[in-house]
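Engineer: I would like the atomic coordinates for the input below:
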Amino acid sequence: VQLQASGGGLVQAGGSLRLSCVASGRTFDAPAIAWFRQAKGKEREFVAAMNWSGNTKNYADSAKGRFTISRDNAKDTVYLQMNVLKPEDTADYYCAGGPLAVTSSAPYAYWGQGTLVTVSS
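Structural biologist: Numbers count the residues shown, from 1 in each chain. Model (predicted):
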């Protein structure tokens, strides 16, 4: 499975961005897709995850109410809509694929490259 993340950029605080993660290859090996982020000098942290059908979604407390994860299976694409962005959301955002939509990074065997989100104050 190959994952390609995109959509990062520079945005002012309070603004919005939508990240995309396109999957290719043996996508059935990674029915769940998650987003993680890593700020400079900090550990990677979970942001959101969902399973293939969309009936299971998990969000980090920092993302609840502001971020929405969704997917278009016909396009093998998962989105992360981020609203009311804050400077502390600044990080490299990674999508990851695995068997279950869990918050731990361990089960995710497939990782895309990061896309940088910078939120200015």
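Engineer: helix, strand or coil for residue 88?
Structural biologist: helix (DSSP: H, G, I helix; E, B strand; the rest coil).
Engineer: Next one: it, what pLDDT does it get?
Structural biologist: At residue 88, the model reports a pLDDT of 97.
Engineer: With residue 67 instead?
Structural biologist: The score at residue 67 is 98. That number is its pLDDT.
Engineer: repeat for residue 28
Structural biologist: Residue 28 carries a pLDDT score of 88 in this model.
Engineer: can you pull out the strands in this structure?
Structural biologist: Assigned strands in the chain, in chain order: 2-6, 9-12, 17-24, 32-38, 45-50, 57-59, 67-72, 77-82, 91-98, 110-111, 115-120 (criterion: DSSP state E).
Engineer: Rebuild the ones you listed as a markdown table, extending it with mean neighbour count and distance to residue 104.
Structural biologist: The C-beta positions use only the backbone N, C-alpha and C, and glycine is treated the same way. Compiled in a markdown table, the strands of the chain are given as follows (neighbours: other CB atoms under 10 Å; distance: least, CB to CB, whole Å):
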| stretch | mean neighbour count | distance to residue 104 |
| --- | --- | --- |
| strand 2-6 | 18 | 18 |
| strand 9-12 | 13 | 28 |
| strand 17-24 | 19 | 18 |
| strand 32-38 | 24 | 9 |
| strand 45-50 | 22 | 7 |
| strand 57-59 | 17 | 10 |
| strand 67-72 | 17 | 16 |
| strand 77-82 | 21 | 18 |
| strand 91-98 | 24 | 10 |
| strand 110-111 | 18 | 14 |
| strand 115-120 | 17 | 22 |
